[in-house]
Structures are given as C-alpha cells and as structure tokens.
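Participant: everything below, folded, please.
(3 chains)
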Amino acid sequence: MSLLDIQNLTVQFGGLKAISNVNLSLDAGQMVGLIGPNGAGKTTLFNAITGVVPKTEGAILFDGKDLSKYKPNQIAHLGISRTFQNIRLFSKMTAEENVAIGINSIADYGIISAFLGLPDARRKDRETKKKAQEYLERVNLLPYKDAIAGSLPYGIQRKLEIARAIATKPKLLLLDEPAAGMNNEETLELIDFIRNIHSDNETNMAIILIEHHLEVVMNLCSDITVLNLGSVLKKGTPAEIQSDPAVIKAYIGERRKSDG
Amino acid sequence: MYQYLSGILTVIAINITAVCGLTILTGFTGMFSLGHAGFMSLGAYASVIAIKYWGFSFIPAMLFGGIVAAFFGLLVGYPTMKGRMRGDTFAIAMLGFSETVRLALSNIYPYINGALGISGIPKYSEAWLVLLIAAVCVYLTFRYTKSKHGRIALSIRDEETAAELIGVNVTREKVKNFMISGFFCGMAGCMYACYYTFITPNTFSATTSNNILAAVVFGGMGSVSGPTIAAIFLAMLPEVLRVVQKWRLVLYGALMILVMLFKPEGLMGGRELFSGWKMRAKKREAGK
Amino acid sequence: MTVFIQQVITGLSIGSIYALLAVGYALIFSIYNFSNFAFGVIMMVGTFGAVYAINLAGAPLPIAIIVGMIVAAGISLLVELSTYRPMRRKNSPRLYLMIAGIGVNMFVENLAIQTIGSSVKPFPSNWGRIILNIGNISIAYADILSGGLSVVMLVCLWLFIYKTKIGLGIRASAYDVNTTGLMGVNVDMVSLAVFAISGLAAGLAGVFYGMKYTVYPSMGAVSNKAFVASVIGGLGSLPGAVIGGLVLGLLETMVSAYVSSKLRDMIAYLVMILILVFMPNGLLGKSVKDKL
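Facilitator: Predicted structure coming up:
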C-alpha cells in the first residue's frame, strides 16, 4: 500500500482550478520531485495535503487515512511535515527552540507543572533541549543553537527549517523550494544535506521535493511529476522528463519559427 | 507617610498582576487586546459578591474572581478563536467584550446595584499582602513562559501557520492562554476593589485597558521582567511626577508612538532581566 | 407605520454617517492591511475644526463643513507621514503600526480633554435643529444634509477610484502594494491620496455626527462602529463598507426603538461577533488568507 495516495484531486478557488484531476502516489522511503512552471499548482498541492486548503474533488489518502477528515495540526501528527517557500521559522526564537517546538508541539506536562516549575516539567524540558541539540548536531547546525533564528544567514535558515521539520519524525516530508535564492555552491551543499537526511532517519521517511533548480531534483529524485496549469503533464524518471518535448515547452516555451 | 507609601505599593501590585495576564496573552501569544479591563471588571464583581453575600475571605474571593473571569474567557474565547480572527479584529472584539460587560453590569440591579456601583467593600488589600501576591504572580508567569506552554505560545505569535502545520493545536492554545490571562486580570480586579472599596461598571474602562497594554508594549513583548518593570514605573509615575498627573495619558500616548517608532522591542527587547548575564556566563563556559 | 418609516429614516441617517466612516476606514485597510486606530481622533479633530470655524471665524455652515474635512484630512496625512510611513519603510509588523495608532489616539484624545475639557457641547449651528414635516413624519434638515452629502461624497469617491489615474494606483495597491510600486506607480502619492480621502470622509462624518448629536473629545469612539460596519460588509470591500454602515445604522435604530435603547451600543459588537463567527467574510468581503 502506498504511503501517500492522491486520487483525482481537484482544488478550486472560486472560478479558478488551481489543481485539476491530479494523481500522485508515493511509497515509504521514496524521494519524488514535483516540478513545473510558476503557478502550476505545486504549492497548492502541498497546501491540500497538509490541510490548509480544502479539496474540491478527489481524495488524499495517507497511510490509508482520508486526510480531509483531519485538521492541519492533526495531519502533522499523522506524520506529515513541511517547509515553506518563504521561510517560516519562528524568527524571534533561537535555533534550538525552533527545533524543540518540532519535537514537542504539544506540551508533555500540564499547566500546573508549568506554572510551578515542578521538577518533572524541568526534567522534560532538559530532555527536549538535549534532543533538539542532537537534531542540530546531526544537520551540522549545533554552533548556531543559541542564535536568534531571524538573524541567521539565509542558507542556514533554510537548513534550520528543514531540521525543524524532521524533528517531528515525519513519515512524509514536503520540501517547498528549499534551494530558492541559493547560489551554486549552496545548492550543491543542499543536495548533500537532503540526501543525508533522506538516508539517515528513523521512519523510512519519504520526501516530495518542489524545486525550480532542476539539478537538485534531477540529482536526488527517483521519480518526477511535472505539473502545468494544475494538471499533471508528465511523470517519469529524470532522464525521461529532461528529454520530453512537452515539458521543455511548458518551461521554456515553443521555439520560434524564425529560430529554425 | 506610611499611608502614602503603602498606597503606591498597592497600586503597583494591582498593576503588576494585571500586566502578568496581558503579558501571557499579548506578549507571548501575540493576541493584541484592547478590552482586558472587562476581565478585571468581571473578577472584581465576582469577588465582591463572594465577599459581601457569601462570606468569602480575601484570598478565596480573589481566586474566585479569577476563575469567573477565566470562565468568561472560555465562553468568549472558544467561538472567536476557532474562526482564526485577525489581530485587529480580535482587538476590537475585545473592546466590544469590555463594553458589553460594562453595559450588562450597569443594567443588573439586584445584588450589584447596576450603574450605581457597590460601595463598602472591606479593605482587604494590604500593601504587603498584595505585593506578595503580585510577586508570586510574576514568578508563576515567568515559569509558565519558560515552559513548553510558553514556547508554544511564542511559536503561535511568530508564525501561526507554521506552528499549526508542525502540530500545534492553535485554537486550544489560544483559548487556554486567553483564559489564563483572564484569571490574572480577574484577580487584579479583586485586589482593586478591596483597596478602593468602591466599584462601578465604569471603573474598569478603556483607559484601564490601555494602561495595561502600555506596560506590555513598553516593557517589551516576549518578556516578563520588562512589562513588570514598566508596570511598576507606570504605576509610580502619577505619584512621582505630580505635575504630570493630569497629562499622564497624553504622555503615555506620546511614549507609545515613540517606542513603536524607535524601539518597538521595548525596554527589555524581548529578553529577561537576567538573560544578559546568563549569555555572558555561557560564553565564558564555552570559551574555557 | 409612520413610526416605522421614521425609524427607517433615522436608521439611514445614522447609517450614512457610519457608511462614510466605514469607507474611510476600509480604504486604508484594503491597501495596507491594518486598522488605523487613529481614525477616531482624526474624525474628532476635523469636527472641532468645523466647530471653531463657526465659533471663532463666524463661518457659514458649508464653509465650516469644508474646513472640518480639510482639517481631518490634514491630521490624517500628518499621522501617515510622521508615524505610519516611517514604520512601513522599516518593515515594521502590522501589530506595531496598530499600537502606534492607539498611541496617537491616546495622545490626541487626552490632549483635547486637557485643553478643551471633556464635556459635551452642541454643534453650533441651527441646522441641527430645523425639522421638516412631511405629513406625520419629521425629518431633521441635518439628516437630509448628511444623507445627501454622504451620497455625493461616496459617488465622488467612486469616480475618483474608478476613473482617475491615482484611483487606478489605489486599486492596484489594494492587491499588492509592493508590486504596484515596482511597476512604477508612485506609492507615496497613493498613500497620500488614500490617507487624505480617509480623512475627508472622517471629517464629513464627524460634522454630521456632531450636528445630529453632540461634540466632545472622546467622540472618536464612534469610529469603532466604522470598524464593525466594515466587518459586517466584509473587510477589504468598499461597497461592503457602505452597505455595512447602512445596515448597522438601521439595526441600531430598530433595536433601540423596538427592543431596548440600552442595547443600542451593544448591538454593534454583538452583530460583529456573530458575523465573524458565522460569516467571517462579511456580506461582500474577500477572504484575505495567508498566502503560503
């Protein structure tokens, strides 16, 4: 059974069909790419999966469960985590605290313990702090643990957002343009980074990667889905996608007759 | 002289307690309210009823006032927070809440005498006692904000959507913090009633709400010690600068504008009083 | 039946004041996406401007109204230039702008209380008191004036926003201020226009309110109803603001007449809460969801 099964999904806003009859499925542990020109509906697809926008038709099944029955925070607890196109870190908290929220988005002790600062609560806080530091260490961000997230360099912020997302131990990680705004060097580093977290995790985590930097997607993903204007244009391996004329046309546009 | 001093200290204590409530709601959860006086009013009236008609003594009455205020927090909070209200809408809705409380209380005559108010409230608010209570409240608030509940509140303040998608139950946390803030303000209302011995539905007005907000803004959101210090300072201001008394609110307004223009992080910049020392101590440790 | 018609007329009359206020409010909201909490004092200062024009300079009513509108527009521009614009340049979060607005409100209102005194004064014009009698129905001249001028103002506003170049800039900015700026529209000009118009509306509404009721430093609180009217009509929608204002005025008057006058002020807030809970986009509003 697939981990994620999107069947005939349509998402409509007023008169606009952002997503039209999209089918996509993913097994545990797979890393799949989602590409397409701007406005193709890629982020909307992520929003639909995570419960932020309601679906108009079709179904999204995760681990056999119908996601439309769950609220966004519940979907997170089912095992889906994501990053955002414009980084959404908790900018006024430290890097360590950002990751800690990922570990414990629901407090594991009551408010009385919190108010009184009971030893049980403090112990649990220390444990979470340690775990957060472990995650930071694993992604080589430990030196930044006490830095305020909003003040970190852009590339580090991107990595931190990913670190926070994997701290929830997700079964499915949605990465929305993680390489946006990066130069070539940073992009290569990011490719290694993502490869590492994909191979080294406890839940056989699957990843869906939205990216415009095609070398990232071609390098990392076994399968790629191309979206255009809300529908699936093509699905296939990186090699197949790279040579497909329809895909090239969607991205670059048709060759002008005058260019011969 | 003693009378004078203990008066100021009492006012400081009342201010600090109310500010603790708004700190949790606005400073940490990011919900900007213009009508917190409504909670103080509810708490004051509830506790006074408990004292006058049910023979409660001070502390139980104060706690009762807090609980009643928190209960209304649940009543008002749950439907409004489910709907993901915008920040400014919530602020005005709170104004509406506070107005509704005022109008409702003005029109209930049995027990509370409507617009005429209740007088002859026993003067339970002794300076040392209320200061102790205020100090306890500050400590509790401080611990709460450092706990996971407080950190989760901050995540909602900074990036509500991201917090939700990482698993935070935003509605529940908002309502919870709303109720807690109501609790503290309700207690402050009781402390007020038992000091001034006379309350009317108009006692806790928009000005009261603005004063509490001013303390949180000046002290800095995301900090407990900042607003506490600001609360002390603002409570002392009219006494210390007699000449300023009439113009106090004009001054607050001007200060608010200036703070937002030039130092919006407030006095403490969102950190606590001792965090500077802690940071330096950590650096020393790391350097060894 | 005549009583009912009377109530409707009163409702529409106060409704037109709310509509003007709501539009002034919604204009800023729809472009800059925040509530201008200084709006109330802008209205108040404009009204006092008109009052002083009559009392100190002996100006006739039409001139006084214009003076009031210009004064209000002036204050509105002052607030924008001294406070909001610098903060927007620094990318201050909306929350801070709103708190600054509250600061302005606190500052100006209390300054007025300390200098002028907080007591209520009647508007110095007999127009407020002349009544026209049509059969069994009495309509105050002031109501006719306020209703009529409100309509004129709203029509002018509509023409300005839909038929002029700056108006086009305003409409574009309502979608995305930053992009509009990048496309060459003079966003500074747009902000001046918007805040000026908002002030004009506030001043006019304030004068009518003063004529109908009284004038006092804390009268800015009436603008909270503007906010409520905007919510009812749908946040971010200008036609919605007008409709919301009229609806609110009618509702308040009807409830006041047929249920209880004490409930009048509560009605506004109660309706707002109900709308926010059950119809969050109001009657006509666009849903301003967080763009992910």
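Participant: show me the helices in chain C, by range?
Facilitator: C:2-32, C:39-57, C:61-79, C:85-89, C:94-116, C:141-163, C:165-175, C:177-182, C:187-212, C:223-233, C:238-258, C:264-278 (DSSP state H).
Participant: elements contacting the last one?
Facilitator: I take that to be helix C:264-278. helix B:58-82, helix B:87-106, helix C:223-233, helix C:238-258 (3 or more C-beta pairs under 8 Å, 6 or more residues apart in numbering or on different chains; DSSP states H and E). (Each C-beta comes from the backbone N, C-alpha and C, glycine too.)
Participant: report the mean per-residue pLDDT for it.
Facilitator: What helix C:264-278 shows for mean pLDDT is 79.
Participant: which parts of it are buried?
Facilitator: Going by neighbour count (16 or more other C-beta atoms under 10 Å in any protein chain shown), the buried part of helix C:264-278 is C:264-273, C:275-276.
Participant: do the same with the fifth one
Facilitator: By 16+ other C-beta under 10 Å, the buried positions in helix C:94-116 come out as C:94-113.
Participant: quick one, that helix and helix C:61-79 angle?
Facilitator: For helix C:94-116 against helix C:61-79, the angle by axes from the mean of the first three to the mean of the last three C-alpha atoms, to 10 degrees is 130 degrees.
Participant: closest one of the buried residues of helix C:264-278 to residue A:5?
Facilitator: residue C:276 (37.0 Å; C-beta to C-beta).
Participant: contact partners for that closest one?
Facilitator: B:80, B:83, B:85, B:89, B:93, C:231 (C-beta atoms under 8 Å, 6 or more residues apart in numbering or on different chains).
Participant: buried members of the residues you listed into ChimeraX, please.
Facilitator: Listed next is the ChimeraX selection for buried residues among these, using 16+ other C-beta under 10 Å:
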select /B:80,85,89,93 /C:231
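Participant: just to revisit the earlier point, right, and out of the buried residues of helix C:264-278, which lies closest to chain B?
Facilitator: Distances from chain B to these, taken as C-beta to the nearest C-beta, are shortest for residue C:269 (2.9 Å).
Participant: so the closest one makes contact with residue B:94?
Facilitator: No. Applying C-beta atoms under 8 Å as the test, residue C:269 and residue B:94 come out as separate, 9.9 Å apart.
Participant: before we move on, the earlier item: just send the buried residues of helix C:264-278 back as CSV, with distance to residue B:205 too.
Facilitator: CSV is the format used below for the buried residues of helix C:264-278 (distance: C-beta to C-beta, whole Å):
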residue, distance to residue B:205
C:264, 19
C:265, 14
C:266, 16
C:267, 20
C:268, 18
C:269, 16
C:270, 20
C:271, 23
C:272, 20
C:273, 21
C:275, 26
C:276, 24
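Participant: which members of the buried residues of helix C:94-116 additionally contact chain B?
Facilitator: Restricting the buried residues of helix C:94-116 to those touching chain B (C-beta under 8 Å from any C-beta of the partner chain) yields C:94-100, C:102-111.
Participant: interface residues of the stretch 101-250 of chain B facing chain A?
Facilitator: B:140, B:143-144, B:146-152, B:154-155, B:157-159, B:161-170, B:176, B:180, B:222.
Participant: so which of the residues you listed are in helices?
Facilitator: Per DSSP H, the subset of these in helices is B:140, B:143-144, B:146, B:148-152, B:154-155, B:157-158, B:161-165, B:170, B:176, B:180.
Participant: now list the buried members of these.
Facilitator: The buried subset of these - by 16+ other C-beta under 10 Å - is B:140, B:143-144, B:146, B:148-152, B:154-155, B:157-158, B:161-165, B:170, B:176, B:180.
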